[in-house]
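>>> need the 3D shape of this:
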Amino acid sequence: MPQIQKLNLNMKNKLLLIIFCLLSTLTYAQKMITMSKEKLKDKIMGGWAGQTIGVTFGAPVEFKFNGTMINDYQKIPWYDGLLQKTMTNNPGVYDDLYMDLTFVEVFEREGLDAPVESHAKSYANAGYMLWHANQAARYNILQGIMPPASGHWLNNPHADCIDYQIEADFAGLMSPGMPNTASKISDKIGHIMNYGDGWYGGVYIGAMYSLALTSNDINYVVNEALKTIPKESQYYKCIADVIKWHKMYPDNWKKTWFELQQKWTNDIGCPDGVFAPFNIDATINSAYVVLGLLYGKGDFTQTMEITTRCGQDADCNPSSAGGILGAMLGYKAIPEYWKLGLKAIEDMDFKYTSTSLNDVYEIGTKHALQNIERNGGKVSGDMITIKSQIPTAVRFEESFKGHYPLDKKWIGKNLENEIELDFEGNGFVVKGEAKPKEGSSWDSKSDKFAQIEVYVDGKLHETAKLPVKFTTRRHEICWKYELSDAPHKVKLKLLNPDPEMICYLSELIWYSSKPQQKMTIGTFGPYKKK
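A predicted model of the protein is given here:
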């Protein structure tokens, strides 16, 4: 009998502990955060200004240091007038901003429940230049493939690229202290152009912005935001590694950078990054953002320098880091050195938009206030009460599962009539472009296009339209994944030959269902590891 009583007591204690934990979690989940409207606006201004500063600072070294860090002796210029010079002469630098603002403008026109189709069509028909996942999705949308199919890896070889990561700032800035609300926005808009780890880049960046608006602890923001990402994803594992290595080497960011290079720099999706040092994958570039935030320790200058010197997408990464830290510090606390020339451009609309920084400071604050009220918070006079959220993981997705880059070969030919290509594997991509012939009577702004039939193993896979216009182009000639792992023949047939147009084929890349055997360096040179 005493043994039974003891057992019952233990069970009661465990039950009480569970109830206590649940109540504690509920209390934390419903924690209300109060701040003034002025403070919130200052933080939102800091977020928008910070990303503008960051992308401008890193622009001169963007993709000029691939697979290597930027040495300490390499000076990266910053001076009064650089912002205005870049805004005027090189507006394409601000894809981080004009893509964000496209979505902000849709929310402003149609309200916070604007359908994803409105966002997709608005950016697909915009006049600005795009690359990688953004351009691939734009092409898909213009051909009638709408989100989320437009961003899915079967339809978009760039699904894991950085694109939504550099555009998710708005989702976090309009969701202060509400990372799950930011994730909900990202679920809708991020799948326009990305999937899997590419989508997670935007979810995570958005969550960090959201938490930075209500926390002054950069370590907390980095760690807590990671809870929005499924633990089984490669993206989560990479960012967790950065956090781990930061603890191991707290005073040496370069050691963490080298650890990242060894483990996380294999790009398998982006055709421009496979078998090349170029890497625009969201995972590694997010890692550079986090590396800069952690080792920067809340110092704006150190954060800018470290994030940029990691290389690769060295303007977008300091843009994300600068925006997140700017949201934490607030506009007023960004050092004056970094605001040199900022006032001169705050009334300038970003090209291809009707929105300036001063506009988005106001609009972004308005959207944040609306979102606060829609999610259980209150706006009363000059004070705001935010119902904070515990971050929860979004669903698990994986791009290019079971596809490992096997080889590539140079084609270097114009498609005159038809051509056959052979490979053995389970997927392929043909790179190239349609363009006007030198001396033709029209240019790359023309609405002309090449049209080809793509046959795989004798069966028609698709009839593809290849516009010559840069803003509507197809990023690759053609591709197909999830084939049987076997020998295959691909035939491309040009349907509309034009003496003034070239359909140029540059490379064939193909995949296998199994990773290549690792090479080990032995006494007599490299050999395959069994």
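>>> list the helices and strands the helix or strand hosting Gly172 packs on?
With secondary structure defined by DSSP states H and E, Gly172 is part of helix 169-173. Applying 3 or more Cβ pairs under 8 Å, 6 or more residues apart in numbering; DSSP states H and E, one finds that helix 169-173 contacts helix 37-58, helix 95-110, helix 179-190, helix 196-212, helix 316-329, helix 357-374. For the C-beta atoms, the positions are set from N, CA and C on the backbone; glycine is no exception.
>>> go again using 7 Å as the cut-off
With contacts defined as 3 or more Cβ pairs under 7 Å, 6 or more residues apart in numbering; DSSP states H and E, helix 169-173 has these neighbours: helix 37-58, helix 95-110, helix 179-190, helix 196-212.
>>> pick the most deeply packed of the ones you listed.
Stretch with highest mean neighbour count among those: helix 196-212 (a mean of 31; mean count of other Cβ atoms under 10 Å).
>>> which other helices and strands does that helix contact?
helix 169-173, helix 179-190, helix 218-225, helix 234-248, helix 282-296, helix 316-329.
>>> measure how far it is from the centre of its chain, please.
Relative to the centre of its chain, helix 196-212 is centred 8 Å away, using Cα atoms, centre = their mean, to the nearest Å.
>>> over to stretch 495-502?
36 Å.
>>> residues in contact with it?
Applying Cβ atoms under 7 Å, 6 or more residues apart in numbering, the contact partners of stretch 495-502 are 414, 434-437, 440-442, 448, 450-453, 468.
>>> and if we set it to 6 Å?
Outside stretch 495-502, the residues that touch it by Cβ atoms under 6 Å, 6 or more residues apart in numbering are 414, 435, 437, 440, 451.
>>> and the next element down the chain from the helix or strand that contains the second one?
So the one you mean is Lys435. Assigned by DSSP H and E, Lys435 belongs to strand 427-436. Counting by DSSP H and E, the next helix or strand C-terminal to strand 427-436 is strand 449-456.
>>> that next one versus strand 427-436: what angle between them?
160 degrees (axes from the mean of the first three to the mean of the last three Cα atoms, to 10 degrees).
>>> which other helices and strands contact the strand holding Lys435?
Here strand 427-436 touches strand 501-512, going by 3 or more Cβ pairs under 6 Å, 6 or more residues apart in numbering; DSSP states H and E.
>>> just want the angle from the strand it packs on to strand 449-456.
30 degrees.
>>> alpha carbons of strand 501-512, as PDB, please.
Only the C-alpha atoms of strand 501-512 are listed here, as PDB (Å, rounded to 0.1, in the frame of the first residue of the first chain):
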ATOM      1  CA  MET A 501      17.700  35.800 -84.000                       C
ATOM      2  CA  ILE A 502      20.000  33.400 -82.200                       C
ATOM      3  CA  CYS A 503      19.000  30.600 -79.900                       C
ATOM      4  CA  TYR A 504      22.200  29.900 -78.100                       C
ATOM      5  CA  LEU A 505      22.900  26.800 -76.100                       C
ATOM      6  CA  SER A 506      25.800  27.100 -73.700                       C
ATOM      7  CA  GLU A 507      25.900  24.100 -71.300                       C
ATOM      8  CA  LEU A 508      24.200  20.800 -70.400                       C
ATOM      9  CA  ILE A 509      24.200  19.900 -66.700                       C
ATOM     10  CA  TRP A 510      22.900  16.600 -65.400                       C
ATOM     11  CA  TYR A 511      22.100  14.900 -62.200                       C
ATOM     12  CA  SER A 512      22.200  11.400 -60.600                       C
END
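>>> quickly run through the sheet partners of it, with directions.
Using DSSP bridges, the strands paired with strand 501-512 are strand 404-414 (antiparallel), strand 427-436 (antiparallel).
>>> which residues touch the last one?
The set of residues external to strand 427-436 that reach it, using Cβ under 6 Å, 6+ apart, is 157, 271, 403, 442-443, 450, 466, 468, 476-479, 481, 483, 502-511.
>>> ok, now the first one?
Contact with strand 404-414 is made by 268, 274-275, 425, 502, 504-505, 507-512, 515, as judged by Cβ under 6 Å, 6+ apart.
>>> ok, back up a step: JSON lines please, covering the strands paired with strand 501-512 and showing distance to Tyr361, mean neighbour count and mean pLDDT.
Formatted as JSON lines, the strands paired with strand 501-512 follow (distance: least, Cβ to Cβ, whole Å; neighbours: other Cβ atoms under 10 Å; pLDDT from 0 to 100):
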{"stretch": "strand 404-414", "distance to Tyr361": "44", "mean neighbour count": "16", "mean pLDDT": "97"}
{"stretch": "strand 427-436", "distance to Tyr361": "40", "mean neighbour count": "22", "mean pLDDT": "97"}
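>>> nearest to Asp42, out of the ones you listed?
The closest of the strands paired with strand 501-512 to Asp42 is strand 427-436. By Cβ to Cβ, the value is 45.9 Å.
>>> how deep is Trp442 tucked in, by neighbour count?
14 (other Cβ atoms under 10 Å).
>>> measure it to Leu505 for me?
22 Å (Cβ to Cβ, to the nearest Å).
>>> could you list the low-pLDDT ranges of the stretch 1-150 of the chain?
Along the stretch 1-150 of the chain, the model assigns pLDDT under 70 to residues 1-30.
>>> any chance you could map the strands in it?
32-36 (DSSP state E, counting those that start in this stretch).
>>> mind listing what Ala314 touches?
58, 61-62, 308.
>>> which of these sit farthest apart?
Maximum pairwise distance among the contacts of Ala314 (Cβ to Cβ): 9.4 Å, between Glu62 and Thr308.
>>> compare the two (neighbour count), which wins?
Thr308 (28 against 17).
>>> tell me the confidence at the most centrally placed residue in the chain?
The chain has Gln165 as the residue nearest its centroid, 2.3 Å off, counting by Cα atoms, centre = their mean. Per-residue confidence (pLDDT) for Gln165: 98.
>>> excluding chain neighbours, what is closest to it?
Gly201 (3.1 Å; Cβ to Cβ, 6 or more residues apart in numbering).
>>> so that neighbour makes contact with Ala282?
Yes - between Gly201 and Ala282 a contact is recorded at 3.1 Å, counting by Cβ atoms under 6 Å.
>>> quick one: contacts for the residue nearest to Gln165?
Gly201 is in contact with 165, 282, 286, counting by Cβ under 6 Å, 6+ apart.
>>> the second one - how many residues pack around it?
By the criterion of other Cβ under 10 Å, Ala282 has 30 neighbours.
>>> is it true that it touches Asp163?
No - between Ala282 and Asp163 there is no contact under Cβ under 6 Å: 7.9 Å.
>>> before we move on, the earlier item: may I see the helices and strands packed on helix 196-212 arranged in JSON lines, with mean pLDDT as well?
Shown next, in JSON lines, are the helices and strands packed on helix 196-212 (pLDDT from 0 to 100):
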{"stretch": "helix 169-173", "mean pLDDT": "98"}
{"stretch": "helix 179-190", "mean pLDDT": "98"}
{"stretch": "helix 218-225", "mean pLDDT": "98"}
{"stretch": "helix 234-248", "mean pLDDT": "98"}
{"stretch": "helix 282-296", "mean pLDDT": "98"}
{"stretch": "helix 316-329", "mean pLDDT": "98"}
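>>> out of the ones you listed, which is closest to Glu362?
Of these, nearest to Glu362 by Cβ to Cβ is helix 169-173, at 12.7 Å.
>>> Met69: what's it in contact with?
257, 309, 311.
>>> ok, 10 Å please
253-254, 257-258, 261, 288, 306, 308-312, 314 (Cβ atoms under 10 Å, 6 or more residues apart in numbering).
>>> sorry, back to before: from the contacts of stretch 495-502, which is closest to Lys31?
Lys435 (57.0 Å).
>>> the closest one pairs with what?
Ile502.
>>> roughly how far apart are it and Lys445?
Distance from Lys435 to Lys445, by Cβ to Cβ: 12 Å.
>>> what sits in contact with each of those two?
468, 470.
>>> tell me the secondary structure for Asp422?
Put simply, Asp422 is strand when judged by DSSP: H, G, I helix; E, B strand; the rest coil.
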